[in-house]
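S.K.: test case, fold it:
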Amino acid sequence: MATTEDVEQYLALGHETRAFEVKGPGSIGDKSYCAKVARAAMAMGNLHDGGLICLGIDESSMTAMQPGLDDEQLATWSGFDNVADAIARFCDPPVTFHLLPLTVSSGRRVVVLEVDEFEVVPHICTRDYPGETQVGSLYVRPHGKPQSTHVPSASELRELLDLATTKGVREFVRRAALAGVMPTLRAEEDVERDAFAAEAEAVWAEPSNLTSTLATAGYFDIEIRPRPFDSHRIPPADLQDVVVSNAVRLRGWPLPMVDRREPVKRHATWIGQDTQSTVVPHVEAWRFCTTGQFLQRRVMATDLSDAQELRVSSERATGAVAVWDVLLYLIEVAELAARLATAVHCDAMTIRASITGIAGRELVSGDSARELYGPYIVDSSTLNASADATTVDLLRDPIAVGISLTQDLLGQFGLKIPDDVLREWQGQVFRR
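M.R.: As a prediction, this is how the structure comes out:
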């Protein structure tokens with residue numbers, strides 16, 4: 001579930017994104033305003049992983065976080081039944097969302113609609129309102145300029161249809177797995193492992209803007225490998241489309257972050273991008289290869305924030321690693337692997353996850369409501385975990401794969417946490 005910090009990070013960007021839209025203050029009794037909000041909700045609901053709509057902030061005043069909602073507007077937009085009824089009049093099936101009344105750091109009050117991705121079929125507009133909505137329209141958030149509009153092109157329509165098809169396939173796979181129709185998993189062979197490892201080594205050997213940053217930070221090092229190894233699995237011209245259309249936004253910030261305003265590194269057999277945001281604390285480098293191998297190095301949250309809950313308890317600790325950072329990130333990684341598995345048509349995936357630059361670090365909860373009774377300190381500079389999964393396993397339950405990777409790494413700190421506790425923890429954030 002989105003937090004005030006998440007919303008403020010979006011507002012700090014100073015512009016809307018594909019998964020974040022703002023609306024200035026307005027009354028729920030204003031039919032034109034309600035139509036605008038409903039159109040935005042349908043568009044977010046038709047987006048992979050959904051998105052956020054922040055009511056009360058003008059687009060021209062995002063960084064100032066102004067002007068906010070007045071008392072009456074806040075009260076009416078905070079009532080779930082009223083908002084659900086107002087939006088449901090415009091769409092079928094109804095949009096699923098959560099309401100988050102928040103006070104941002106400017107002191108202004110807003111209401112955020114956290115809209116879920118549609119469940120079975122896309123949302124279709126069922127009501128006309130002049131200049132805002134049209135019966136029969138499919139509203140989306142297209143690539144390029146972020147706006148809630150009817151499907152503008154064949155490629156955007158194809159993306160929406162692909163999403164609906166993929167959801168149907170995943171439900172079929174889940175039911176087939178419950179019925180015991182499961183393929184066998186073949187272990188990764190040495191020749192495959194060596195080929196993928198050589199590719200990753202060659203890719204990371206190329207100069208990067210983040211080399212000096214990663215040399216002094218604790219970071220995740222991720223490899224997602226589609227099997228069997230095929231050096232021509234994806235045409236070079238298709239690499240960017242594949243990685244963009246399958247990006248994961250379970251927490252808002254996409255995995256991977258593909259910044260269309262910045263150039264993409266292009267080589268003969270791979271593409272990539274380095275991101276070091278000065279507005280939102282985030283540092284990552286990702287690479288995507290024609291073999292379908294996805295690589296990412298991402299600086300840990302504990303190296304980008306001095307929040308009280310991320311601080312260590314032991315005087316001998318050199319730094320911290322947060323349980324929630326490991327758990328949530330690796331579940332996102334497993335979800336990305338599931339999406340790539342269907343996109344590149346592979347039989348199985350190997351996910352390798354490492355945390356590097358952590359010698360002497362203490363494992364902390366990172367959540368004030370969840371306490372660890374340690375200290376749990378590791379002396380190794382790098383910890384490694386891996387998971388082999390069939391495409392069926394990934395589609396059926398990517399959360400289980402992410403938890404397995406998490407348990408492997410946490411266990412190397414000496415920590416034991418039941419799987420159901422980790423599943424419940426991530427469920428509070430991802431609502432999955």
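S.K.: for stretch 14-31, buried residues please.
M.R.: Under the neighbour-count criterion of 16 or more other Cβ atoms under 10 Å, stretch 14-31 has 16-26, 28 buried. C-betas here are computed from N, CA, C, even on glycine.
S.K.: brain fart, stretch 415-428
M.R.: For stretch 415-428, burial by neighbour count (16+ other Cβ under 10 Å) applies to 415, 417, 422-423, 425-426.
S.K.: ok, stretch 4-14 next?
M.R.: For stretch 4-14, by 16+ other Cβ under 10 Å, it's 6-11.
S.K.: need the residue closest to the centroid of the protein.
M.R.: Arg249 (2.4 Å; Cα atoms, centre = their mean).
S.K.: got the contact list for that one?
M.R.: By Cβ atoms under 8 Å, 6 or more residues apart in numbering, Arg249 lies in contact with 19, 48-51, 255.
S.K.: could you redo the last one with a cut-off of 7 Å?
M.R.: Going by Cβ atoms under 7 Å, 6 or more residues apart in numbering, Arg249 touches 19, 49.
S.K.: would you list the phi and psi of it?
M.R.: In terms of degrees, to the nearest 10, the main-chain angles of Arg249 are phi -130, psi 50.
S.K.: and for the one 5 residues further on?
M.R.: Per-residue torsions, Pro254: phi -70, psi 150 (degrees, to the nearest 10).
S.K.: separation between it and Pro235?
M.R.: Distance, Pro254 to Pro235, using Cβ to Cβ, to the nearest Å: 23 Å.
S.K.: right, and Glu117 touches Gly51 too?
M.R.: No: using Cβ atoms under 7 Å, Glu117 makes no contact with Gly51, being 8.9 Å away.
S.K.: who has more neighbours out of those two?
M.R.: For Glu117 versus Gly51, the count of surrounding residues by other Cβ atoms under 10 Å is larger for Gly51: 30 against 17.
S.K.: how far away from the center of its chain is the lowest-mean-pLDDT helix or strand in the chain?
M.R.: Of all helical and strand segments in the chain, the minimum by mean pLDDT, DSSP states H and E falls on helix 154-178, at a mean of 82. Centre-to-centre, helix 154-178 and its host chain are 18 Å apart (Cα atoms, centre = their mean, to the nearest Å).
S.K.: contacting residues around it?
M.R.: 46, 48, 120-122, 138, 140, 142, 151, 245, 342, 392, 395-396.
S.K.: look at Pro254 and Pro235 and report which has more neighbours.
M.R.: Pro254 (20 against 9).
S.K.: next, give phi and psi for the closest residue to the more buried one other than its chain neighbours.
M.R.: Computed as Cβ to Cβ, 6 or more residues apart in numbering, the closest residue to Pro254 that is not its neighbour in sequence is Ala247, at 4.3 Å. The phi/psi pair for Ala247 (degrees, to the nearest 10) reads phi -60, psi 150.
S.K.: burial count for Ala247?
M.R.: 20.
S.K.: now do it against Leu336, distance only.
M.R.: For Ala247 relative to Leu336 (Cβ to Cβ), the value is 8 Å.
S.K.: now the common contact residues for these two.
M.R.: Leu255.
S.K.: for Ala35, see how far away the residue of the chain most remote from its centre is.
M.R.: Most distant from the centre of the chain: Pro130, at 35.0 Å, with distances by Cα atoms, centre = their mean. To Ala35, Pro130 is 9 Å away according to Cβ to Cβ.
S.K.: go on, Leu422?
M.R.: 42 Å.
S.K.: ok, Pro67 next?
M.R.: From Pro67 to Ala35 the distance is 21 Å (Cβ to Cβ).
S.K.: which one's more surrounded, these two?
M.R.: Ala35 (22 against 14).
S.K.: surely that one and Glu132 touch.
M.R.: Yes: with contact defined as Cβ under 7 Å, Ala35 counts as touching Glu132 (3.8 Å).
S.K.: now list whatever residues contact both of these two.
M.R.: Joint contacts of Ala35 and Glu132 (Cβ under 7 Å, 6+ apart) do not exist.
S.K.: ok, Leu295 touching Val203?
M.R.: Yes: using Cβ under 7 Å, Leu295 is in contact with Val203, at 6.3 Å.
S.K.: shared neighbours of those two, anything?
M.R.: Joint contacts of Leu295 and Val203 (Cβ under 7 Å, 6+ apart) are Arg287.
S.K.: all strands for the stretch 201-350 of the chain, in order.
M.R.: Along the stretch 201-350 of the chain, counting by DSSP state E, counting those that start in this stretch, strands occupy 219-227, 265-266, 270-277, 282-289, 294-299, 319-322, 348-356.
S.K.: could you dump these to TSV with mean pLDDT?
M.R.: As requested, the strands of the stretch 201-350 of the chain are exported to TSV (pLDDT from 0 to 100):
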stretch	mean pLDDT
strand 219-227	97
strand 265-266	95
strand 270-277	93
strand 282-289	96
strand 294-299	98
strand 319-322	95
strand 348-356	97
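S.K.: these into a markdown table, with extra columns for distance to Gly411?
M.R.: Converted to a markdown table, these look like this (distance: least, Cβ to Cβ, whole Å):
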| stretch | distance to Gly411 |
| --- | --- |
| strand 219-227 | 17 |
| strand 265-266 | 36 |
| strand 270-277 | 31 |
| strand 282-289 | 26 |
| strand 294-299 | 21 |
| strand 319-322 | 13 |
| strand 348-356 | 13 |
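S.K.: just put those strands in TSV and tack on mean neighbour count.
M.R.: Listed next are those as TSV, based on neighbours: other Cβ atoms under 10 Å:
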stretch	mean neighbour count
strand 219-227	23
strand 265-266	14
strand 270-277	19
strand 282-289	23
strand 294-299	23
strand 319-322	23
strand 348-356	22
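S.K.: for those strands, which one sits closest to Tyr329?
M.R.: Closest of those to Tyr329 is strand 219-227, at 6.2 Å (criterion: Cβ to Cβ).
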